[in-house]
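> Sequence isn't available, so here's the structure alone:
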């Protein structure tokens, strides 16, 4: 009877407990920690964003790459662990939670990173082909445009479309659950880039008016 009760409690609590743990993991910001080791405050340096790109600007490219890798792992590892130990639905919730924790970190008063690398890690764990396509698009656009924010948003738009197609079963890969999850992740990350999008639109308007 005790075993049954314990099993029942675990069944009820495993999803919220795993999601809460993932949120806390996501909230730990490698960029901020590394910058403090070097005596820097990312909120007052570079773009002001506590993410890999800004670390690259402030501390150098190799440190930016290191933070990017850590952020990817921060998204990938919890999802893989949740999928193996609990199940696919909990893994999806964990993936979303870790990204939300990264973006709205309580340790940074709700001002975390933009969630691109952490989302990529989670996506690689759930839908590897989607993640690899995002990497390819991001890399190509950064190479061509030299604009990380624009490449990030473009990759997320592609993820949004792929997620919708998967959810609607228009493509022979993915599932309805993972498709809907990809859509949510894409919307969250695009929303986090809203300031970059607003600046881009404003710049386009200024260019049109002066042209």
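Alright, I've got the coordinates. What you see is a predicted model, and the numbers here were worked out from it, not measured in a lab. Residues are numbered from 1 along each chain as shown.

> which residues of this protein score low on pLDDT?
Residues of the chain that meet the criterion pLDDT under 70 lie in 1-7, 206-211.

> Can you give me the neighbour number for residue 154?
Residues near residue 154, counting by other Cβ atoms under 10 Å, number 19. (C-beta placed from N, C-alpha, C; glycine too.)

> Just want to check the distance between it and residue 61.
Distance of residue 154 to residue 61, given as Cβ to Cβ, to the nearest Å: 22 Å.

> same deal with residue 104?
Residue 104 is 27 Å from residue 61, by Cβ to Cβ.

> Could you list the domains of the protein?
1-126, 127-211 (automatic domain parsing).

> Could you say which of those domains is packed most deeply?
Stretch with highest mean neighbour count among those: domain 1-126 (a mean of 19; mean count of other Cβ atoms under 10 Å).

> what distance separates it from the middle of the whole chain?
Offset of domain 1-126 from its chain centre (Cα atoms, centre = their mean, to the nearest Å): 8 Å.

> Just the helices from the protein, written as ranges.
Here the chain has its helices, by DSSP state H, at 2-27, 30-37, 52-59, 61-85, 88-103, 116-126, 128-145, 148-167, 176-192, 194-210.

> Mind putting those into CSV with distance to residue 109?
Formatted as CSV, those follow (distance: least, Cβ to Cβ, whole Å):
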stretch, distance to residue 109
helix 2-27, 11
helix 30-37, 11
helix 52-59, 17
helix 61-85, 19
helix 88-103, 13
helix 116-126, 19
helix 128-145, 28
helix 148-167, 22
helix 176-192, 16
helix 194-210, 17
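
> Which one, of these, ends up nearest to residue 43?
helix 30-37 (8.4 Å; Cβ to Cβ).

> Now do that closest one: which elements does it pack against?
Contact analysis of helix 30-37 by 3 or more Cβ pairs under 8 Å, 6 or more residues apart in numbering; DSSP states H and E lists helix 52-59, helix 61-85 as its packing neighbours.

> now the longest one against helix 30-37, angle please.
Here helix 61-85 runs at an angle of 140 degrees relative to helix 30-37 (axes from the mean of the first three to the mean of the last three Cα atoms, to 10 degrees).

> which outside residues touch helix 61-85?
The contact list for helix 61-85 (Cβ atoms under 8 Å, 6 or more residues apart in numbering) reads 18, 21-22, 25-26, 28, 30-31, 34, 51-57, 90-95, 98-99, 102, 113, 117-126.
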